[in-house]
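>>> this one's sequence-less:
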């Protein structure tokens, strides 16, 4: 998974990844244990917060209109400013599993932003 890769590669340079788990469909009740099992199955190596009522997702993502995805990535600088938003969907180095060129492009664009921002910190 790309976020694990970025965590491993850039944590020493100051990158902090925090996952935000939001149960689907909206309104579904979730236990901490269920989230632990989910994140273990995904093998996430970074902390995960729970946004059970989608309050944060709504505030920072949905408030400005319709969106295609709920799984998005924000790059936030040390001053708390959102510097880059990947609007959802998959991204990875190989564009797998379908050889999707957009997923590959998105991966390298996010990596470029990480290197740019971490280089300036």
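Structure's in. What do you need? No experiment lies behind these values; they were computed from the predicted model shown.

>>> Which neighbouring elements make contact with the longest helix seen in the chain?
With secondary structure taken from DSSP state H, the chain has its longest helix at helix 101-120. In terms of contacts (3 or more C-beta pairs under 8 Å, 6 or more residues apart in numbering; DSSP states H and E), helix 101-120 is packed against helix 2-10, strand 73-76, strand 82-86. Placement of C-beta: from N, CA and C, glycine included.

>>> Dump the ones you listed into JSON lines; add mean neighbour count, distance to residue 44 and mean pLDDT as well.
Conversion of the helices and strands packed on helix 101-120 to JSON lines gives the following (neighbours: other C-beta atoms under 10 Å; distance: least, C-beta to C-beta, whole Å; pLDDT from 0 to 100):
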{"stretch": "helix 2-10", "mean neighbour count": "15", "distance to residue 44": "7", "mean pLDDT": "92"}
{"stretch": "strand 73-76", "mean neighbour count": "16", "distance to residue 44": "13", "mean pLDDT": "86"}
{"stretch": "strand 82-86", "mean neighbour count": "14", "distance to residue 44": "17", "mean pLDDT": "85"}
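
>>> Specify the stretch among these that is closest to residue 94.
Residue 94 lies closest, by C-beta to C-beta, to one member of the helices and strands packed on helix 101-120: helix 2-10, at 10.2 Å.

>>> Noted, bye for now.
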